[in-house]
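**Q** Give the three-dimensional model of this entry:
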Amino acid sequence: MDDNVNQFSKYTILPLLLFVIIFLGSGIYFKAIGVDYAFYQVPAPIAIIPAIVLAFLLNRGPVSSGVETFVRGIGHNNIITMCLIYLLAGAFSSVASASGGVDAVVNAGLSLIPSAFLLPGIFIISGVVATAMGTSMGTIGAIAPIAYAVSVKAGIDVTVMAGAVLSGAMFGDNLSIISDTTIAATRSQGCNMRDKFKENFNMSIVAAVITMAVLIFLAPTPQALEVKNYDSLLVIPYFFILVLAILGVNVFVVLFSGILLAGGIGMLGDYTFLAFTKDIYKGFSSMQEIFLLSLLIGGLSEFIKVGGGLEVISRAIQKITKNVGKWNQYIADQLGISLLVSLTNLCVANNTVSIIVVGPIAKKLAIAGEISGKRSASLLDIFSCITQGLLPYGAQALLLGASFKLTPVDVVTNSYYCLILIFVSLLFVFFRKS
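**A** Residues are numbered from 1 along each chain as shown. The predicted structure is shown next:
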């Protein structure tokens, strides 16, 4: 009976694979034949529908039980939280832009930061904000409108700028002691946050320094930029949300306050209350696609989890580590933890959920390989962060793609921090014992 269950569990991963094939495959096809906005020809919320249908067909039980599973996934706390952040981020971006805030911040930034350092500067700002806020999504929502406008103004490749924002957001989220991923990783591995932060910092800072060097190299040749006069009052909403973020204020409070402040300051001029309400709704509407996709991915991920697909992956990895362990059990189990959370993240497209799901298994691997709790917690956080930052169907890439008018693939292929962190982390696994 167990063999039959395990055999069936393998098939529960098929819906996700189908979605990835349709989503990426159609985009690659249209790009190859020269169609503009290739990855938008088949909207992601439509591309996932066949996968959801397949998940229902594979579900063992009546349709009603499948609906319950699907709705439970949609209603997961992390999914709903992300969706609310989407709405607030869209509203803030829309209101700030309409009231003149974006133009003011762009000109203020250009007057203060040399063009040669705009890319690393945005990376640092994103990292600081994400560390303070404990969320990459909130950071992207606040920083993306500024970064996009700056890149256009300064003649910086928007794909590289989007990658810099994503890199900084993942760097800060990975380190933050108030991040959901940090909380999940430390609790599941039985270590305190301070020790995990120190272990994490040692790996992350090396990758961050290398990333900054790459961004300086990729920055455009310094050129004289025309800086227009700007109203310093319009900069206040952005400065305000940065201060709130540094103080560790809840992301919802940060974005909601930013919306009210941007609208209020705008109304001191010729910006009307009626325009303010319409721009909030316009911001909500701009997030429709990513909002729907996040909900649908949440429901699909629940099918995979309930069907036992993740357990199949876990057992396969444990077999691999057992074989590699004949050479070095300590390194083998660290690689097992890293691979385990990465593959799980590919399935659920959510780094926090991935850590929660594989935490107990990772703890077993850590004990078997005599790996400290701080190291196993760091590996869980780091590799879930890496995978999330490189997923073209991940929330971060989707939000940045929408904000920068790019495909998600363009965004993740410029996520240099995540790419560099892979090699840095592996060097620590092989050559530095915690």
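
**Q** can you pull out the strands in the stretch 301-434 of the chain?
**A** Here the stretch 301-434 of the chain has no strands by DSSP state E, counting those that start in this stretch.

**Q** all helices for it, in order.
**A** 309-348, 351-368, 373-390, 395-404, 408-412, 416-431 (DSSP state H, counting those that start in this stretch).

**Q** What angle do helix 416-431 and the longest one make with each other?
**A** To tie it back to what came earlier, the one meant is helix 309-348. Relative orientation of helix 309-348 versus helix 416-431 (axes from the mean of the first three to the mean of the last three CA atoms, to 10 degrees): 140 degrees.

**Q** going forward, begin numbering at 49 instead of 1
**A** Yes, from this point I'll number from 49; that puts the last item at helix 357-396.

**Q** elements contacting helix 357-396?
**A** Applying 3 or more CB pairs under 8 Å, 6 or more residues apart in numbering; DSSP states H and E, one finds that helix 357-396 contacts helix 50-59, helix 336-355, helix 399-416, helix 421-438, helix 464-479. Just so you know, the C-beta spots here come from the backbone N, C-alpha and C atoms, and that holds for glycine as well.

**Q** ok so, going back, quick one, which of the helices of the stretch 349-482 of the chain is packed in tightest?
**A** helix 421-438 (a mean of 28; mean count of other CB atoms under 10 Å).

**Q** any low-confidence regions in the stretch 349-482 of the chain?
**A** Residues of the stretch 349-482 of the chain meeting the criterion pLDDT under 70: 358-359, 361-362, 366, 369-374, 396, 405, 482.

**Q** how about the helices and strands packed on helix 357-396, which one is nearest residue 228?
**A** helix 399-416 (4.3 Å; CB to CB).

**Q** Show me what that closest one is in contact with.
**A** Residues outside helix 399-416 that contact it (CB atoms under 8 Å, 6 or more residues apart in numbering): 124, 126, 228-229, 232-233, 235-238, 349, 353, 358, 362, 366, 369, 373, 377, 381, 384-385, 388-389, 392-393, 396, 419-421, 423-424, 427-429, 432-433, 435-436.

**Q** try 7 Å
**A** With contact meaning CB atoms under 7 Å, 6 or more residues apart in numbering, helix 399-416 is reached by 126, 228-229, 232-233, 236-237, 353, 358, 362, 369, 377, 381, 384-385, 388-389, 392-393, 396, 421, 424, 428-429, 432-433, 436.

**Q** related to what we said a few turns ago, ok, which of the helices and strands packed on helix 357-396 comes nearest residue 192?
**A** Per CB to CB, nearest to residue 192 of the helices and strands packed on helix 357-396: helix 336-355, 12.3 Å.

**Q** Distance to residue 130 for the helices and strands packed on helix 357-396 - can I get that in TSV?
**A** Shown next, in TSV, are the helices and strands packed on helix 357-396 (distance: least, CB to CB, whole Å):
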stretch	distance to residue 130
helix 50-59	27
helix 336-355	5
helix 399-416	10
helix 421-438	12
helix 464-479	19
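
**Q** closest one to residue 201 among the ones you listed?
**A** Taking the helices and strands packed on helix 357-396 one by one with CB to CB, helix 464-479 is closest: 22.1 Å.

**Q** got the CA coordinates for stretch 191-203 in PDB?
**A** This file holds the C-alpha atoms of stretch 191-203, laid out as PDB (Å, rounded to 0.1, in the frame of the first residue of the first chain):
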ATOM      1  CA  ILE A 191      11.900  51.000  -4.300                       C
ATOM      2  CA  ALA A 192      10.800  49.800  -7.700                       C
ATOM      3  CA  PRO A 193       9.100  53.000  -8.900                       C
ATOM      4  CA  ILE A 194      12.000  55.100  -7.900                       C
ATOM      5  CA  ALA A 195      14.600  52.700  -9.400                       C
ATOM      6  CA  TYR A 196      12.700  52.500 -12.700                       C
ATOM      7  CA  ALA A 197      12.400  56.300 -13.100                       C
ATOM      8  CA  VAL A 198      16.100  56.700 -12.200                       C
ATOM      9  CA  SER A 199      17.200  54.100 -14.700                       C
ATOM     10  CA  VAL A 200      15.300  55.800 -17.500                       C
ATOM     11  CA  LYS A 201      16.600  59.200 -16.500                       C
ATOM     12  CA  ALA A 202      20.200  58.100 -16.200                       C
ATOM     13  CA  GLY A 203      20.200  55.900 -19.300                       C
END
